[in-house]
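1. No letters, just coordinates:
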C-alpha cells in the first residue's frame, strides 16, 4: 500500500493564489521534475515567505493547503515551457512560521519544494484543521 506524501511548495501568496481558483500548483518557477514526484492524493502545504514576488511584504506562513488531483504534470498556460499539476486547494488563515518552526525544516525553504516527514506533516495538518480563510 502506498503512503500519502506531503509536500511543501514555497511561493509568494500572490503567485499561490493564482492556482487556487484554477485548480493547480506550480513549483520552482514551472519546473516539471518537482511535480513529477507527486502522486494523486498527496498533501500540499504552500509556504509563502512574502505577499508578492519579488519585493512583497514579509509573510512567512503557510497560506494554502490541499491535495494533488492530477495524474501527471501538464504544460502551464502561465509560464511558457513550464508545467503545473492539478490540485484541489483552499486558502487558510496564515499559519505563521513561529507556530510551526519545530515541524518545518527552515533550512530547506530556500529549495522551493521538498517532502515533509510524516510526523511533521501530521503536526502541521493538525494546526491547519483549525484555520479558516
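-> Cool, got the structure. Everything quoted here is computed from the prediction, not taken from an experiment.
2. what stretches of this protein score poorly on pLDDT?
-> 1-2, 133 (pLDDT under 70).
3. Tell me which stretches of it form strands.
-> 6-10, 24-25, 43-50, 58-68, 74-75, 83-96, 113-116 (DSSP state E).
4. Pull up the pairing partners for the longest one, direction included.
-> The one in question is strand 83-96. Sheet partners assigned to strand 83-96 using DSSP bridges are listed as strand 24-25 (antiparallel), strand 58-68 (antiparallel), strand 74-75 (antiparallel).
5. Only the buried residues of the longest one, if you could.
-> Yep, that's strand 58-68 we're talking about. 59, 61-68 (16 or more other C-beta atoms under 10 Å). Every C-beta, even on glycine, is put in place using the N, C-alpha and C of the backbone.
6. quick one: it to chain centroid distance?
-> Distance of strand 58-68 from the chain centroid (C-alpha atoms, centre = their mean, to the nearest Å) equals 6 Å.
7. That strand vs strand 6-10, what angle?
-> 140 degrees (axes from the mean of the first three to the mean of the last three C-alpha atoms, to 10 degrees).
8. what number of residues lie near residue 12?
-> Residue 12: 20 surrounding residues under other C-beta atoms under 10 Å.
9. just residue 113 next, same as before
-> Per other C-beta under 10 Å, the neighbour tally for residue 113 reads 21.
10. sorry, back to before: now the strands paired with strand 83-96 in TSV, with distance to residue 32?
-> Listed next are the strands paired with strand 83-96 as TSV, based on distance: least, C-beta to C-beta, whole Å:
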stretch	distance to residue 32
strand 24-25	13
strand 58-68	14
strand 74-75	9
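11. Would you point out which residue is most central in this structure?
-> residue 46 (2.7 Å; C-alpha atoms, centre = their mean).
12. which residues sit in contact with the nearest residue to it once chain neighbours are set aside?
-> Nearest in space to residue 46, with sequence neighbours left out and distances taken as C-beta to C-beta, 6 or more residues apart in numbering, is residue 64 at 4.0 Å. Applying C-beta atoms under 8 Å, 6 or more residues apart in numbering, we find residue 64 in contact with 13, 16-17, 19-20, 44-46, 48, 89-92.
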